[in-house]
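Q: for reference, the sequence and a predicted model appear below.
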Amino acid sequence: MPEVGLLSGVGPDVASQLLITVGDNQERIGNEAQFAALVGVAPIPASSGKTTRHRLSRGGDRNANRALHQVVLTRMASCSRTKNYVNKRTTEGKSKREIMRCLKRYVSREIYRQIFNPKSAPGVTDLRPKRKRLGLTINAVAAEFSQWPSVISRIERGLMRNDDLATSYRKWLEKQATQKTN
């Protein structure tokens, strides 16, 4: 089963729960909408009179729905894009419950795409040899990126995945190499 990685708010517990849910029901999932129904975030019309609104499905795997709820809470507390979205929707008159319903649906789309069309991790095997060729210590690299040396070491050995840091590290090494040749 592919890895769910690098999605904001998705840690090992959430990823495990969602992969368990998908693993038990792979034959039932043909598209995003079916995944949303499986995890209980498919919108159901709940309109009356002139009011048009939706609510979340009460069906689906409740543990997977709880995992998505945790992702939404984490993003609402720490992700600037999500905070901006919440502020925008609040000024439009949406309730917190409606905003969270929309966010759960959005998160389920992201997770569905990651599970069924995963982005492979970029290679990191070139980082340590480049650093050593340039005569740089791991402490110097760690200081440059305000990281612990153990974090840099784990990224170099492929034991930890942080695509943004690895990309920045690679660019910095290339910059150091051009400065040494000039």
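A: Thanks, I have the structure now. Residues are numbered from 1 along each chain as shown.
Q: need phi/psi at residue 177.
A: Residue 177 adopts backbone torsions of phi -70, psi -40, taken as degrees, to the nearest 10.
Q: and for it, the neighbour number?
A: 13 (other C-beta atoms under 10 Å). Any C-beta I mention is one placed from the backbone N, CA and C, and that applies to glycine too.
Q: and the one 4 residues further on, by the same measure?
A: The criterion is other C-beta under 10 Å. On that basis, residue 181 has 6 neighbouring residues.
Q: likewise residue 24?
A: Neighbours of residue 24 (other C-beta under 10 Å): 11.
Q: in this protein, which spans are helices?
A: In the chain, helices defined by DSSP state H lie at 12-24, 32-38, 62-78, 80-91, 96-116, 127-133, 138-144, 149-156, 163-181, listed in chain order.
Q: how about those helices in CSV, adding distance to residue 52 and mean pLDDT?
A: Formatted as CSV, the helices of the chain follow (distance: least, C-beta to C-beta, whole Å; pLDDT from 0 to 100):
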stretch, distance to residue 52, mean pLDDT
helix 12-24, 30, 87
helix 32-38, 19, 89
helix 62-78, 23, 93
helix 80-91, 16, 93
helix 96-116, 12, 91
helix 127-133, 53, 92
helix 138-144, 53, 93
helix 149-156, 49, 92
helix 163-181, 40, 89
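Q: among the ones you listed, which comes closest to residue 49?
A: Closest approach to residue 49 among the helices of the chain is made by helix 96-116 (17.2 Å; C-beta to C-beta).
Q: list the buried residues in the closest one.
A: Neighbour-count burial for helix 96-116, counted by 16 or more other C-beta atoms under 10 Å, picks out 98-108, 111-112, 114-115.
Q: so how far is that helix from its chain's centroid?
A: Centroid displacement of helix 96-116 relative to its chain, using C-alpha atoms, centre = their mean, to the nearest Å, is 11 Å.
Q: for that helix, packing partners?
A: Helix 96-116 sits against helix 12-24, helix 32-38, strand 54-56, helix 62-78, helix 80-91, with contacts defined as 3 or more C-beta pairs under 8 Å, 6 or more residues apart in numbering; DSSP states H and E.
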